[in-house]
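In: return atomic coordinates for the entry below.
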Amino acid sequence: MGKIAANPYPGARAFQQADYAYFHGRDADSASIADLWLTNRLTILTGPVASGKTSLLLAGVYPLMPAKRTSLLPAGNLLHGMTFPFAALPEHNPLTLALLWSWSPGDIPTRLAGLTVTEFVRRFMQVGEGPVYAAIDQLDAVLLRPPPGVWPSWRQQFLAEVGQALDDHPRFHLLLVARSSALGQLTDAIGGGARYVITGLTPDQTAFAVAKPAKAAGRSYTVEAVTSIVNDLGGTTVSGPRDDGATFMEPSLVQVVCRQLWDDLPAEVTTISNHVLGAFGATDRALTAHCALVIGQVAAERGLTFTTLHEWLRYNFITDDDTRGGAFEGMPATAGQLNAVPRSLTDHHLLTVNAEGSTRCYRLLADRLIRPLKLAQADQSDALTPAQWLAAASRDLALGELDFAQRSAEQVRPSPNPDVPAPTTRQKAQAQSVLANVAYQQRRTADALPHYREAAFLLQASGDTGGAAFQLAAVGQVLLAKGDPASAVTELRAAVERAPSDLGLQTQFAVALWQYGDGAAAARILDWVLKSNGTHSEALRVRGEVLADLGQASSALADLDRAAPDRPSTRAARGLALAELGRHHAATREIDQAMADAQRNGPVLLYAARVLDLAGDKISARERAREAIDATDPPLSPPHRELALRLVGD
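Out: Presented below is the predicted three-dimensional model:
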């Protein structure tokens, strides 16, 4: 496993008032959350949109966690690693992989793919005797808007894995961070735990949040200046009912105002007075610029003009009497715009969303944004950079917005705007990888191939040989899936030559050799992999299948039992090994279960045909062999197709 720092957030990063302004009104919250995390197996931190949950976690809670006698993992992120070539990895849950990779960012993804959350945590439990503390941030990104296709099943599996890890490891302490609207789904899926709810900032907390970072950076506010900022933000109240009549201010908008002031202040100004605020700190100007920036970025990402999106916002979210309006989310649009639009505006803290059951209603984040939103104007100097386009593409890919991810990745190219930097070679390679991943997710494998090849070329040109190896592995895997093992062997050989110590790539190379018809060579490579790491689950699984195919039944069962076969093809291979040992009743149970889970799987059907043939049922064996020849999910390799044809002809 990659090395985990004892405390990945010691103190803070390079100080930036804009990033952490709101946090300094949250000292009591930070201490309370850290205490709950230390003393409870499961802690759930919730709050409304833009309440500062992520900043509170990173800048407030993490520095309070003990560094001795414990393992503290970096904050987990389910949107991690989207520029890595999906096809380069064996079958896996991308949500689980994203979490594990963000918990262990120095690790190699081929070592993480296929691990469950509980298997990953077990490795840390084996290292020390103290607790393991882990957090998952922005969990609502998955809970509140699962994409179509296979993602709902991945989400269900992922949440089950998280719950299983809590059940399996009494020393595992987990902190989950999500919007309040996701709390019901979260507790239904994982269970209840200690809960902590944060709101907006009170006026006193806002004053503290404004003044403390400035003092740490060598500047100070006069009391009058702080009061002016608080009063000017007084209408910035958090959405939702309040029983105590208190006023709460939006932390994200406090950040916006402080950031604008900090950017505009001359270096020689060390005392911020009302006079300085009058010259540099106009709140309306800061909030108007914020609205314009968000509208411009979201419009660009979603293929809209600034004017179109601006007018849509004004029409739907500001009433004729200048109060906040609202729009209900439909399927697939909200007030005429695809749901990806209001969701992005929510992520950028211009809108908020209230959810009750399956009903979601969007509103402007705060009353204080009504006038700034009306005044916002397009600024051509705010064109998106290659880094911003790439970030948008990665996030959309993670959230299943595949068409938008493709569009954003295609924008990572030289801009006619001289103020926008040209993309680096690495950024161009990452964009190609995203385009390939989109095509791969959409099962357009022929379209994925040239993008993976171009990414490999660009990464090799930039000196990233390891990165190029993974792209070449993706090419090989796609070719293997297309029924071209000869070409796949060539590409995967090139991949392992660039990263010979990567056991995951060596295992994939062995699979290609096996599918090409050289099972003996595949077994030798897998022997070497397992000599290097005897618990490599994927290598155990593959070697078990190869040995069953070669008729080495006892050795095959030893591997497959250790690998805990949970895939249809692996279960079917175990059935074949049992049949080769004459245990036909047990073999039939395995084959029947495998076929129930994968009715169009070529290898599974061929294993079934071979089991029936060994049992003496030649008629049924021929029927299964014919089905195997016609199967497409996945199809048989050429050598195995020849074997199926022989069974049909016998």
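
In: residue nearest the centroid of the chain?
Out: residue 79 (2.3 Å; C-alpha atoms, centre = their mean).

In: quick one: it from residue 625, how far?
Out: 44 Å (C-beta to C-beta, to the nearest Å). In short, each C-beta sits where N, CA and C put it, glycine included.

In: just residue 594 next, same as before
Out: Taking C-beta to C-beta, one finds residue 594 at 16 Å from residue 625.

In: what do you get for residue 488?
Out: 24 Å.

In: hang on, the earlier thing: in a helix, the residue nearest to the centre of the chain, correct?
Out: No: counting by DSSP: H, G, I helix; E, B strand; the rest coil, residue 79 is not found in a helix; it is coil.

In: I'd say it and residue 98 touch.
Out: Yes: using C-beta atoms under 8 Å, residue 79 makes contact with residue 98 at a distance of 6.5 Å.

In: joint contacts of these two?
Out: residue 398 (C-beta atoms under 8 Å, 6 or more residues apart in numbering).

In: how about the contacts made by residue 102?
Out: Residue 102 neighbours (C-beta under 8 Å, 6+ apart): 74, 75, 76, 77, 78, 80, 81.

In: ok, now how distant is the nearest residue to the last one once chain neighbours are set aside from residue 120?
Out: Spatially, and ignoring its direct neighbours in sequence, residue 81 is nearest to residue 101 (5.0 Å; C-beta to C-beta, 6 or more residues apart in numbering). For residue 101, the distance to residue 120 (C-beta to C-beta) stands at 10 Å.

In: could you say which helix or strand holds residue 459?
Out: helix 445-461 (DSSP states H and E).

In: over to residue 135?
Out: Judged by DSSP H and E, residue 135 forms part of strand 132-137.

In: what does that strand rub up against?
Out: 37-38, 53-54, 57, 61, 65, 70-73, 75-78, 99, 103, 121, 124-125, 162, 169, 171-177.

In: CA atoms only: put it into CSV for me.
Out: The C-alpha atoms that make up strand 132-137 are tabulated as CSV, following Å, rounded to 0.1, in the frame of the first residue of the first chain:
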residue,chain,number,x,y,z
VAL,A,132,-8.1,3.8,11.8
TYR,A,133,-9.8,7.1,11.1
ALA,A,134,-11.3,7.7,7.6
ALA,A,135,-13.6,10.3,6.1
ILE,A,136,-15.7,10.4,2.9
ASP,A,137,-16.5,13.9,1.7
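
In: distance from the chain centre to it, please.
Out: 15 Å (C-alpha atoms, centre = their mean, to the nearest Å).

In: what does stretch 588-608 give?
Out: For stretch 588-608, the distance to the chain centre is 32 Å (C-alpha atoms, centre = their mean).

In: can you give me the end-to-end span of it?
Out: The first and last residues of stretch 588-608 sit 8 Å apart, counting by C-alpha to C-alpha, to the nearest Å.

In: so which bits of it are buried?
Out: With burial defined by 16 or more other C-beta atoms under 10 Å, the residues of stretch 588-608 counted as buried are 588, 590-591, 594-595, 598, 601-608.

In: residues contacting that stretch, please?
Out: Residues contacting stretch 588-608 (C-beta under 8 Å, 6+ apart): 548, 568-569, 571-576, 578, 611, 615, 624-625, 627-629, 631-636, 640, 643-644.

In: residue 50 versus the nearest residue to residue 248 once chain neighbours are set aside, what's the distance?
Out: Leaving out its chain neighbours, the residue that sits closest to residue 248 by C-beta to C-beta, 6+ apart is residue 200, at 3.2 Å. Distance of residue 200 to residue 50, given as C-beta to C-beta: 9 Å.
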